[in-house]
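Chemist: Here is a sequence together with a model predicted from it:
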Amino acid sequence: MSEESSGRPLTVLVAGASGFVGSRLCTALVEAGHDVRAMTRHPDDYDGAGTPVAGDVADPDSLRSALDGADAAYYLVHSLDSDDFEEKDAEAARNFAGAAGEAGLRQVVYLGGLGREDENLSAHLRSRREVERILAEGPVPVTVLRAAVVVGHGGISWEITRQLVEHLPLMITPRWVDTRTQPVALPDVVRYLVGVLDLPEARGRTFEVGGPDVLRYVDMLRQAAQVEGKRLPRVRVPLLTPRLSSYWLAFVTDVDLSTARNLVDSMTNEVVVTDHSIERLLPGRTLGYRESVELALAERRAEEQADEQAGRDEDTPGDGRAGGRRPATTR
């Protein structure tokens, strides 16, 4: 295929199409006119944007089939809920890189994590960098976007923030709440992901993405509380170890223990944008943290209202012709 951007709609596979970022990305790619293959292990259950295709990153044969005839692919797969996620993610990346090369793709786009490699990265962030390296060793040019906390309804890091604010009248905090991070709004991440697709200047490059605000985790909690009309006093517990901290997170939120442990380990690493080249390549205003929070909460409320309406529709008697109930509203 030509090394220049074709300017035409592409056939694009999204690995991780059912996830927090992947589901929104599929919608945006379809709206941009691309033929989207939403890769999932359970295509019969998929109801998002794009055409569902069967594929599993642990099964190279399924990847070959899913990628056959595609122009490009997004790789949005992680295994934070597993104790051996580093090994799983490395093997999955090797499988995907090999299948992408066999399919002759023109580009793979990967969403990784921010963090300086000279700062003793956590296992989670080290795994993200290892996946970058493995994908880049394949024959297909890789574009990497590195982000910190992505703020949007349904994201694990954001859900932890929201649930801590809503469940705790008094905030008991470990040391990591003073770590600096640069959150980014979900719509901005999706805009960047779509923007680098088939862009010659983006192939083989790594970009750092973030919103305009650099905040400590405790600042993020306080601002989220303010948006929700709450006050969040805190008590510092400096001796709360990472392991105890992960148990605490799993206790006060609905995140599972393995994910909590892996995320807490990463919260000791400062994750701030130092390279702003993506802003020159794809200029545009990014949402501030408070705006991101408001948007995430509004989406949550809209989803709850839709669920309530669906429940009311199920409970509404039929019009007498069939003597039953109307079908539930679908979203």
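Modeler: Received, thanks.

Chemist: wait, what's in contact with the closest residue to Ala72 other than its chain neighbours?
Modeler: Using C-beta to C-beta, 6 or more residues apart in numbering and skipping the chain neighbours, the partner closest in space to Ala72 is Gln107 (4.4 Å). C-beta: built from backbone N, CA, C; applies to glycine. With contact taken as C-beta atoms under 8 Å, 6 or more residues apart in numbering, Gln107 is in contact with 71-73, 140-143, 197-198, 202-203.

Chemist: now with 6 Å?
Modeler: 72, 141, 203 (C-beta atoms under 6 Å, 6 or more residues apart in numbering).

Chemist: looking at it, the second one is touching Gly204, isn't it?
Modeler: Yes. At 4.6 Å, Pro141 and Gly204 qualify as touching, with contact defined as C-beta atoms under 6 Å.

Chemist: So between the two, which is more surrounded?
Modeler: Each of Pro141 and Gly204 has its neighbours counted (other C-beta atoms under 10 Å); Pro141 has more, 19 against 13.

Chemist: Backbone dihedrals for Gly195, both of them.
Modeler: With angles defined as degrees, to the nearest 10, Gly195 sits at phi -70, psi -30.

Chemist: can you check the one 10 residues further on too?
Modeler: With angles defined as degrees, to the nearest 10, Arg205 shows backbone torsions of phi -120, psi 160.

Chemist: go on, the one 3 residues further on?
Modeler: The phi and psi values for Glu208, taken as degrees, to the nearest 10, are phi -100, psi 130.

Chemist: Look up which residues are beta-bridged to it.
Modeler: Arg146 (DSSP bridges).

Chemist: which residues touch it?
Modeler: Counting by C-beta under 6 Å, 6+ apart, Glu208 has contacts 146, 273, 275.

Chemist: Surely the second one forms part of a strand?
Modeler: No. Secondary structure assignment places Val273 outside any strand; it is coil (DSSP: H, G, I helix; E, B strand; the rest coil).

Chemist: Quick check: it touching Gln182?
Modeler: Yes. Using C-beta under 6 Å, Val273 is in contact with Gln182, at 5.3 Å.

Chemist: Val12 is in what secondary structure piece?
Modeler: Using DSSP states H and E, Val12 sits in strand 11-15.

Chemist: Could you point out the helix or strand that follows that strand?
Modeler: Using DSSP H and E, the helix or strand that follows strand 11-15 in sequence is helix 20-31.

Chemist: which residues sit against that next one?
Modeler: With contact meaning C-beta under 6 Å, 6+ apart, helix 20-31 is reached by 12, 14, 16-17, 36, 38, 48-50, 76, 154-155, 190, 193-194.

Chemist: What is the nearest of those to Arg128?
Modeler: The closest of these to Arg128 turns out to be Leu76 (C-beta to C-beta; 11.7 Å).

Chemist: Please name the nearest non-neighbouring residue to that closest one.
Modeler: Using C-beta to C-beta, 6+ apart, the closest residue to Leu76 is Gly16 (3.2 Å).

Chemist: One more: Asp178?
Modeler: Arg216 is the one closest to Asp178 (C-beta to C-beta, 6+ apart), at 5.1 Å.

Chemist: Is that neighbour bridged to anything, and to what?
Modeler: Arg180.

Chemist: repeat for Ala185
Modeler: Taking DSSP bridges as the rule, Ala185 bridges to Val151.

Chemist: which residues touch it?
Modeler: Ala185 touches 151, 211, 287, 292, counting by C-beta under 6 Å, 6+ apart.

Chemist: so of those, which ones are in strands?
Modeler: Val151 (DSSP state E).

Chemist: Show only the entries of the contacts of Ala185 found in helices.
Modeler: Mapping these onto helices (DSSP state H) picks out Ser292.

Chemist: Which among the contacts of Ala185 count as buried?
Modeler: Buried members of the contacts of Ala185, scored by 16 or more other C-beta atoms under 10 Å, are 151, 211, 287, 292.

Chemist: where are the low-confidence patches of the stretch 1-150 of the chain?
Modeler: For the stretch 1-150 of the chain, the stretches with pLDDT under 70 are 1-7, 80-83, 118-119.

Chemist: how deep is Arg301 tucked in, by neighbour count?
Modeler: Neighbourhood size, Arg301 [other C-beta under 10 Å]: 11.

Chemist: Repeat that for Gly229.
Modeler: Gly229, neighbours per other C-beta under 10 Å, totals 6.

Chemist: re the thing from before, anything in contact with each of Val273 and Gln182?
Modeler: Joint contacts of Val273 and Gln182 (C-beta under 6 Å, 6+ apart) are Gly210.

Chemist: just to revisit the earlier point, and of the contacts of Ala185, the nearest to Ala58?
Modeler: Val151 (30.1 Å).
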